[in-house]
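In: Attaching a predicted model along with its sequence, questions to come.
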Amino acid sequence: MIVVMGATGATGGATLRSLAALGVPARALSRAPARLTRTEPFTAPSTTPFTEPLIEPFVADAADPASLRTAFRGARQVFLTMANGPEQVRYELNAVEAAVDCGVEHVLKVSAPAAEPDSPVAVSRGHHLVEERLRASGLATTVLRPYAFMQKLLLLAPGVAAAGVLPGAMDDARCNYVDVRDVGDVAAALLTRPEPLGGVHPLTGGRAYSHRELAELLGGLLDRPVRHVDLGPAGLRAQLTGAGMPGWLAAHVVEIQRLAVARPEAPDDTQVRLTGRPPRTLEAFLREHLHHFRRTGPFIED
């Protein structure tokens, strides 16, 4: 049995769909399994339940180790992913301890780039702690380190739609966006191998884009100007918090953008090696979701 944590989130939901497409049963963990839907992560919500018969919804809370031990009972593998947040490390360590207690053989963890003890990204430092605990646990461990999700770009859609503005703090650095559905496909390929692959695997799209190039791409697809505005780290953080984003999350967004400045990003071949096909392209993703970026009222170019 494969247990998928974070089943109602982006990577957990994508992995469930990839496993189901392969005809592989899985146990989907969530505090609210009724939220499982057929919609892709980060798109408009749906009231249609996820009725795939191969998927077993299971109530468990990462804050409650006893519920995790119940959920992991009889499982051979655990797909470990949790939403970024102040309690992420504690929750993931709970999952590691439960996996050890229940005799799980293999954990596939979704981590992040620069998962190092002195990483400039706070979330990545947390991932490093969990990776270290996994290595010390004796469990077979495979780590995926995906770069920025294409789906997160939809958070910028309102500004593009309303004013034709794409804000950022990356200077002219390039970010290598990956479609979360590719993360799900790679995870499913790893979870269905006869033996765990192990190791650490970066996961990227096929091309890295600067925000200026992203604005040009969007403008061409929308057939109207889209302007990149570099606000700098302090300016971007202030805009995000002013729009209601929690302070820790705004700091994380800024840190990720500055990481792209400090460490130039280049494509990796993990996707092709493990699934036999190239990654989904950013242009294809934007075409698929272009309606989110279209203006709904008068657009005034200043």
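Out: Looks like it came in fine.
In: how close does the nearest residue to R133 once chain neighbours are set aside sit to R174?
Out: Excluding its sequence neighbours, the residue lying closest to R133 (CB to CB, 6 or more residues apart in numbering) is V96, at 5.3 Å. In short, each C-beta sits where N, CA and C put it, glycine included. Distance, V96 to R174, by CB to CB, to the nearest Å: 34 Å.
In: In terms of neighbours, single out the busier of those two.
Out: Shown here are V96 and R174; by other CB atoms under 10 Å, V96 has more neighbours (23 against 19).
In: The residue nearest to R133 touches A136, doesn't it?
Out: No - taking CB atoms under 8 Å as the definition, V96 is not a contact partner of A136, at 9.4 Å.
In: Please give the number of neighbouring residues around T70.
Out: For T70, using other CB under 10 Å, the count is 14.
In: State the distance from it to A157.
Out: Applying CB to CB to T70 and A157 gives a distance of 40 Å.
In: and if you look at V59?
Out: 33 Å.
In: between those two, which one's more packed in?
Out: Ranked by neighbour count (other CB under 10 Å), V59 and A157 place A157 first, with 17 against 13.
In: residues in contact with stretch 83-102?
Out: The contact list for stretch 83-102 (CB atoms under 8 Å, 6 or more residues apart in numbering) reads 5-6, 9, 62-63, 65, 68-69, 71-73, 75, 78, 80, 82, 107, 109, 123, 126, 129-130, 133-134, 137-139, 248-249, 252.
In: And the residues you listed, which of them are buried?
Out: 5-6, 9, 62, 65, 68-69, 71-72, 75, 78, 80, 82, 107, 109, 123, 126, 130, 133-134, 139, 252 (16 or more other CB atoms under 10 Å).
In: Just these: which are in helices?
Out: P65, L68, R69, A71, F72, V123, G126, V130, R133, L134, H252 (DSSP state H).
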